[in-house]
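**Q** the following block contains a protein sequence and its predicted model.
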Amino acid sequence: MNKKRVLIIYTGGTIGMLPTPNGYAPQSGYFRAALGRIDELHSDRMPEWDLIELSPLLDSSNITVREWNEIAGLVAARYDAYDGFVILHGTDTMAYTASALSFMLENLNKPVVLTGAQIPLCELRSDGRDNIVTSLLIAAEGAAREVCLYFGGTLLRGNRATKYSADGLIAFVSPNYPALAEAGITIRYRESALLPERSGPLRLQPFDNVPIGVIKVFPGIQFELFESIMTEKLRGIVIETFGAGNIPGDGTALLPIIRRAAEHGTVLTVCSQCPQGTVSLGAYETSSALKRAGAVNGLDLTTEAAVAKLYYLFSRGGNKEEVAAMMEKNLRGELTEAQI
């Protein structure tokens, strides 16, 4: 029987960093040798794997739309040659990249697993070894045919994940959707949580560098300070509100911003600062102004998924009305649609 083949795409991040006088940093060429020292990766029970190392290697805080397009392009170009893909990535923006790839890779029908580490491989207690080994097995098995994020024994849907801890080994959670699998003695998949098998060829939708902003509401926020950014250049904005979509006061301070956004064709999406739960515009008086003004209900989207989805929909060429309508529709398992 032919062994499964998996492509590893190494983008940088903590997993392959080395100590320098200025702190941990990735170093070109080191990571391939580091993988060679992990005995489990050369076991007969492991899939065959190849490694592509991006240049330059990046701390994930420096990942941009350019790198998203490069990573997605590598998957698309080699899609027929491999059974699955593992993307090694820094943890800080891993959930953003996972969300972006879930939209960019249309009709994806193979596993794309993002993983990394909180402790570099060069350190004695690195969590990277298990994350790499298990991610390769998941990518080869082919049960989760979607963009996933594996970390600390748990497989999450990529566009449902968010970073939870800066220094704990359980670095990611999926507040509004169950885990796709748990890796204990065996890897146990939750079949009901997986996306159904897709039909048709893979299609790559690159992202344009669309101007998008995020505003986090806080007590005493002076909305008028943000009015100047509402120009015709700003295509989408995500507002992180309190609770189920609430904002301070009766909303009158925000109305000039919303009007300006409407005039310039900007799509305003409302998400919640609460990791768990859903936005319900109009449920409270303090969210009614947003609803009346035509803001998009982000439901249980993470901010990461909302940003990536705006990039995707505008890159497809949608106008404001089309993008606003699709933001409330479930495209890749990223949200739970409102019950009418």
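**A** Yep, it's here. Just so we're clear, the structure is a prediction, and the values are computed from it rather than from any experiment.
**Q** how much space separates the residue nearest to Pro201 when sequence neighbours are not counted from Leu335?
**A** Computed as CB to CB, 6 or more residues apart in numbering, the closest residue to Pro201 that is not its neighbour in sequence is Asn107, at 6.3 Å. In short, each C-beta sits where N, CA and C put it, glycine included. Asn107 sits 19 Å away from Leu335, taking CB to CB, to the nearest Å as the criterion.
**Q** more neighbours, the two?
**A** Between Asn107 and Leu335, counted using other CB atoms under 10 Å, the more crowded position is Leu335 (25 against 11).
**Q** residues contacting that one?
**A** Gly298, Leu299, Asp300, Leu301, Ala305, Glu328 (CB atoms under 8 Å, 6 or more residues apart in numbering).
**Q** equivalent analysis for Ile15, please.
**A** Counting by CB under 8 Å, 6+ apart, Ile15 has contacts Phe31, Leu88, Gly90, Thr115, Gly116, Ala117, Pro120, Leu121, Ser126, Gly128, Asn131, Ile132.
**Q** so which of the residues you listed belong to strands?
**A** Assignment to strands by DSSP state E places the following of the contacts of Ile15 there: Leu88, Thr115.
**Q** chain center to the longest strand anywhere in the chain, what's the gap?
**A** If you go by DSSP E, the chain has its longest strand at strand 48-58. Taking CA atoms, centre = their mean, to the nearest Å, one finds strand 48-58 lying 20 Å from the centre of the chain it belongs to.
**Q** list the buried residues in it.
**A** Within strand 48-58, the residues that count as buried by 16 or more other CB atoms under 10 Å are Trp49, Glu53, Leu54, Leu57, Leu58.
**Q** with adjacent residues omitted, what lies nearest to the residue nearest the centre of the chain?
**A** Centroid-nearest residue in the chain, with CA atoms, centre = their mean: Ser99, separated by 2.7 Å. Leaving aside its chain neighbours, Ser99 sits nearest to Ala308 (3.8 Å; criterion: CB to CB, 6+ apart).
**Q** and the pLDDT for that neighbour?
**A** We have a pLDDT of 98 for Ala308.
**Q** got any ranges where the chain has weak pLDDT?
**A** 1, 249-253, 255, 282, 284-287, 339-340 (pLDDT under 70).
**Q** hmm, 80 instead?
**A** Applying pLDDT under 80 to the chain flags residues 1, 223-232, 247-264, 281-294, 338-340.
**Q** show me how it divides into domains.
**A** Domains of the chain are assigned by automatic domain parsing as 5-204, 212-327.
**Q** helix, strand or coil for the residue nearest to the centre of the chain?
**A** helix (DSSP: H, G, I helix; E, B strand; the rest coil).
**Q** any idea how far it lies from Pro47?
**A** 26 Å.
**Q** quick one on the thing from earlier: could the buried residues of strand 48-58 go into CSV alongside distance to Gln205?
**A** Below are these laid out as CSV (distance: CB to CB, whole Å):
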residue, distance to Gln205
Trp49, 27
Glu53, 25
Leu54, 20
Leu57, 26
Leu58, 23
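**Q** quick one: which of these is nearest Ala193?
**A** Trp49 (26.3 Å; CB to CB).
**Q** got a list of what that closest one touches?
**A** Contacts of Trp49 (CB under 8 Å, 6+ apart): Arg5, Val6, Leu7, Ile8, Leu41, Val86, Leu136.
**Q** and Ala100, by the same measure?
**A** Residues Trp68, Ala72, Phe207, Ala308, Tyr311, Tyr312 are the ones in contact with Ala100 under the rule CB under 8 Å, 6+ apart.
**Q** cool, and Ile170?
**A** Phe151, Gly152, Thr154, Tyr164.
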